[in-house]
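Asker: Build me a model from this:
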Amino acid sequence: MKIAAVLTALRLLDYLLTIVHLLIVGFDLLGWIWPKTRKVHFVAVCVTAGCWLILGMWFGIGYCPVTDWQWQLKEHLGEQNLPSSFIKYLADKITGSNISSDLIDWFTAAGFAMAVVLSVYLNFFLPRKKSV
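Answerer: The predicted structure follows:
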């Protein structure tokens, strides 16, 4: 009975981290669209880049603490051979195939780079409307 409750809690936490992951990825890619979220979006992509690059110096480029926590949960739940990327994991689950890690990493980096460029442009270079 106790083990079942722990497993249920771990599964719920896994689902919660999946939702958190999807929200982070979605906001990193699209948060620049809405003027009210542009400043927060810039901070979010800076935090993501910091994890990928700065923490990546210790844990491997592309390191994500949320992925690390979720993979620890998944291992406790019995999943094995998890990829280094949440995006790869999700793409494989959705398609039912084993998509190339290099391809996933390339699309992830390209999408993220475009979002960062748009965020920088919209936050720092877009002419502001002057209030009268």
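
Asker: all contacts plus neighbour counts: C-alpha atoms, from now on.
Answerer: OK.

Asker: Residue 21 and residue 122: what is the separation?
Answerer: 24 Å (C-alpha to C-alpha, to the nearest Å).

Asker: Near the residue lying closest to residue 67 once chain neighbours are set aside, how many other residues are there?
Answerer: In space, and not counting its chain neighbours, residue 67 is closest to residue 86: 6.2 Å by C-alpha to C-alpha, 6 or more residues apart in numbering. By other C-alpha atoms under 10 Å, 21 other residues sit near residue 86.

Asker: May I have the phi/psi pair for residue 86?
Answerer: Main-chain torsions, residue 86, degrees, to the nearest 10: phi -60, psi -40.

Asker: so which strand or helix has residue 110?
Answerer: Here residue 110 is covered by helix 101-120, with elements defined by DSSP states H and E.

Asker: elements contacting that helix?
Answerer: helix 2-30, helix 38-50, helix 86-95 (3 or more C-alpha pairs under 8 Å, 6 or more residues apart in numbering; DSSP states H and E).

Asker: following the second one, which helix or strand comes up?
Answerer: It refers to helix 38-50. helix 56-59.

Asker: Give me the mean pLDDT for whichever helix or strand comes after that next one.
Answerer: The helix or strand immediately downstream of helix 56-59 is helix 65-76, counting by DSSP H and E. Averaging pLDDT along helix 65-76 gives 96.

Asker: that older thread, buried set for the helix holding residue 110?
Answerer: Judged by neighbour count (16 or more other C-alpha atoms under 10 Å), helix 101-120 contains these buried residues: 104, 108, 112, 115-116, 118-120.

Asker: again with stretch 17-34
Answerer: 17-18, 21, 24-25, 27-32.

Asker: pLDDT and distance to residue 74 added to those, as TSV?
Answerer: Converted to TSV, the buried residues of stretch 17-34 look like this (pLDDT from 0 to 100; distance: C-alpha to C-alpha, whole Å):
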residue	pLDDT	distance to residue 74
17	97	11
18	97	11
21	97	14
24	98	19
25	98	20
27	98	24
28	98	24
29	98	26
30	98	28
31	98	29
32	97	32
